[in-house]
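Peer 1: no sequence on this one, just coordinates:
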């Protein structure tokens, strides 16, 4: 650095020439296109995507018709539910299931999040990398795999027990409550860890340290400071997980239904798929009842937690010191993680891999090894369609969510437009809608309009479904990336001659690339693993991989199924690698 | 370099008025500083000039060009106003190199590539960052980012340079250094600059003229000397530098002069001030007498400190040594203590009796 007195630096010669002209007035300004224009456009779009299907569903629940034809006004659909005891077991089952799943998921997620973020547990980086993995593997896939191992009739574990130890009774039965809660909890732990670990990582350690200097020991500081401070965050996440529990579909379909356990979503699906003619009225009314239940729960939570929900506990980028745990505890936690990872990833994926190389499920010997399944899968129209559709639908939806989420985030974070909070709310609302209800709503909504807008049975309606499904998490991810861009970075571009369009192109685009890719990956994963939306909306030719999986499962074609499942896994894996690469490049 | 004129510029956020109608103008080549506590409207004013905040009413002109006028519905977008700006956080784009950052305003102005390279090099040379062209912007220190931000704001020869607390994120030593650099740069290039700061020392050393703002209103506009020596309002007097404010119970303003009593421990001293030492509407209540600590002379008990001064007996109640001077707290009556700044001279112990001499000319009555 040169000192003040040293006056060697001259004003450049070009300062004597005339300055460059002002930037030309951008066409966006000439057309009067302001960001507020996009606010209205987005409001319209979200109204069509989110609000419209929901309203149609509400209206349809008071009519006798079926998608495409409303029929006559009636209250009968509600009367059947509210005047009989049929609703009670469904409600009870759903609440029991949601509670159990939440309790197990929360305990382990908290333990892992706290251990990874705040203690010297061994291999914490590996743990941090691997615990979220189950979230990216579809429940349908690991579920089917576990049923291959643990169903009471021909589950491999039971067969091995019979062969080796001569035990005739099944040693393990995953049909019914046990299997249901066991398997649903595995995915929940992963999801809740993902949602919670950030709070533990970013919480300012000086709060804890203050408690320690005042005489609390480390564990006391954790229970009197850390957890209470995070309570609002934990409560919000728990409520969402509880609601998702009420709405579960895949797990109860695979594990519960064979054991006679039905939840809301299964009952709705049963009304439509297993009754002749399909009971649209009853299914629609039940959907509305589920939504009402959800809203009541959210309202209760809103009153309880109120504005504290988003209490900021972030520190100043200061890495807290890690808590030293006794050796036995460190390794116990690590052991628990190993068991968790075995149960949620290694065993089910391993089983699928093995099964993909044998012609008949359960008959595994060296001389039966074959690649037939792998060859057949590409000749199979359903699988080929499914692969293509899943990739195209999910990618389209993910790209759309990146754009919509980015715009919602922009309007919410950077402008004071009055629509901002409503847009955010609209993007968040589908979070509370179960997939099967969303599917039913879209079925009603897009079968109703006249010809050019009638999307019944088209691929577009499934893509719309995926967009709506991915919107809440996608928008949240985009918005948090936008939050990290200092407003001065784009203001600086504006002042120095960039129109807002150029600012988006040259400043925002590159800065949001990482957040955009992360959003794309998350939404793609959500869409690719989703069964509930395409299940009600697909027609021959628009089936997705998940639909193909379920079909093959019901037909017992487990060899081809295993191959499809592996292809799907590979896809998710590629995306995660892409995400890593983009992150790595920026670091 | 043209001048800049703000007329009746107003900003309301809902029912809250952030900037009351204000008139301001910076002359050609002048460094005009907006100074005030946080929330006084200085940054809002600057952002309105930059086009980052839309004024509720008023107009802004740069030279002959109107860039904002609410009555004529003129609102030139930020990017077409031709302003250079240095932001508080420097706003160096992390995904670009130093050269790309500095070249951005030229690219937006469609300047040919060859010229861009040359201008970027020259302007980096000007701010002392020659040779840093290809460095990633994220690898720069705070001071270097500051220089790059300045280079970026200068490279397209803007009509006006806006500086939004550009020094507040630097550490104390570097801040002082950059203060001089900034001033030299602005004078050498001959830029008209609007500078926003809450740091009064920075404002005093850096500016040609100062605008002191409080609660959205302009309190005083003047040279640093005007502001420090002749604060126009009680707020300015208290905000700039250190000062003693003594509440005065009642003032007699018969015949233009102001007469009042200042109680001491055993009696009272009668003070008469000429009208030029009185500011404000001249209300008789809630008056305040203002004296800078360094203008008070201090001697041993009973010592006289020259003509045209009032003498107050007092007792030293506290003392602090700060390198080049002593600061004393002297009680002159049971309620009032005065801060006194003394460079050199004999040391007065705590509890010793002293006499303070305050020249009439240094006393200002805000009424």
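Peer 2: Thanks, I have it. Because the structure is predicted, anything quoted here is derived from the model rather than measured.

Peer 1: from residue B:83, how far out is residue A:494?
Peer 2: Per C-beta to C-beta, to the nearest Å, residue A:494 is found 10 Å from residue B:83. C-beta coordinates here come from the backbone N, C-alpha and C atoms, glycine included.

Peer 1: so which of those two has more stuff around it?
Peer 2: residue B:83 (24 against 21; other C-beta atoms under 10 Å in any protein chain shown).

Peer 1: quickly list what the more buried one is bridged to.
Peer 2: residue B:160 (DSSP bridges).

Peer 1: can you give me the helices in the stretch 151-300 of chain B?
Peer 2: With helices called from DSSP state H, counting those that start in this stretch, the stretch 151-300 of chain B shows them at B:172-189, B:200-206, B:224-229, B:234-239.

Peer 1: residue B:63 - nearest residue in space that isn't next to it in sequence?
Peer 2: Once flanking residues are discounted, residue B:63 sits nearest to residue B:2: 3.0 Å by C-beta to C-beta, 6 or more residues apart in numbering or on different chains.

Peer 1: who's in contact with the one you found?
Peer 2: B:28, B:62, B:63, B:64, B:65, B:159, B:160, B:192 (C-beta atoms under 8 Å, 6 or more residues apart in numbering or on different chains).

Peer 1: my guess is the third one meets residue B:3, correct?
Peer 2: Yes. If you go by C-beta atoms under 8 Å, residue B:63 and residue B:3 touch, sitting 6.6 Å apart.

Peer 1: touching both of the two, which residues are there?
Peer 2: Common contact partners of residue B:63 and residue B:3 (C-beta under 8 Å, 6+ apart): none.

Peer 1: between these two, which one's more packed in?
Peer 2: residue B:3 (18 against 14).

Peer 1: need phi/psi at that one.
Peer 2: Per-residue torsions, residue B:3: phi -100, psi 170 (degrees, to the nearest 10).

Peer 1: any idea whether residue B:357 is helix, strand or coil?
Peer 2: Here residue B:357 is strand, with the state taken from DSSP: H, G, I helix; E, B strand; the rest coil.

Peer 1: how many residues are close by it?
Peer 2: Residue B:357 is flanked by 19 other residues according to other C-beta under 10 Å.

Peer 1: pull the contacting residues for it.
Peer 2: B:296, B:297, B:298, B:299, B:304, B:305, B:306, B:309, B:310, B:311.

Peer 1: just to revisit the earlier point, give me the common contacts of residue A:494 and residue B:83.
Peer 2: Here residue A:494 and residue B:83 have residue B:51 as joint contacts, going by C-beta under 8 Å, 6+ apart.

Peer 1: who touches residue A:95 in this structure?
Peer 2: residue A:246.

Peer 1: distance check, it against residue A:475.
Peer 2: Look at residue A:95 and residue A:475: by C-beta to C-beta, they are 29 Å apart.

Peer 1: again, but for residue A:485
Peer 2: According to C-beta to C-beta, residue A:485 and residue A:475 sit 16 Å apart.

Peer 1: residues in contact with residue A:201?
Peer 2: Contacts of residue A:201 (C-beta under 8 Å, 6+ apart): residue A:117.

Peer 1: list the buried residues of the helix or strand hosting it.
Peer 2: Element membership of residue A:201, judged by DSSP states H and E, is helix A:177-202. Applying a neighbour-count criterion of 16 or more other C-beta atoms under 10 Å in any protein chain shown, the buried positions in helix A:177-202 are A:177, A:179-197, A:199-202.

Peer 1: the helix or strand containing residue B:341 packs against which elements?
Peer 2: Assigned by DSSP H and E, residue B:341 falls within strand B:337-342. Applying 3 or more C-beta pairs under 8 Å, 6 or more residues apart in numbering or on different chains; DSSP states H and E, we find strand B:337-342 packed against strand B:244-248, strand B:309-321, strand B:326-331.
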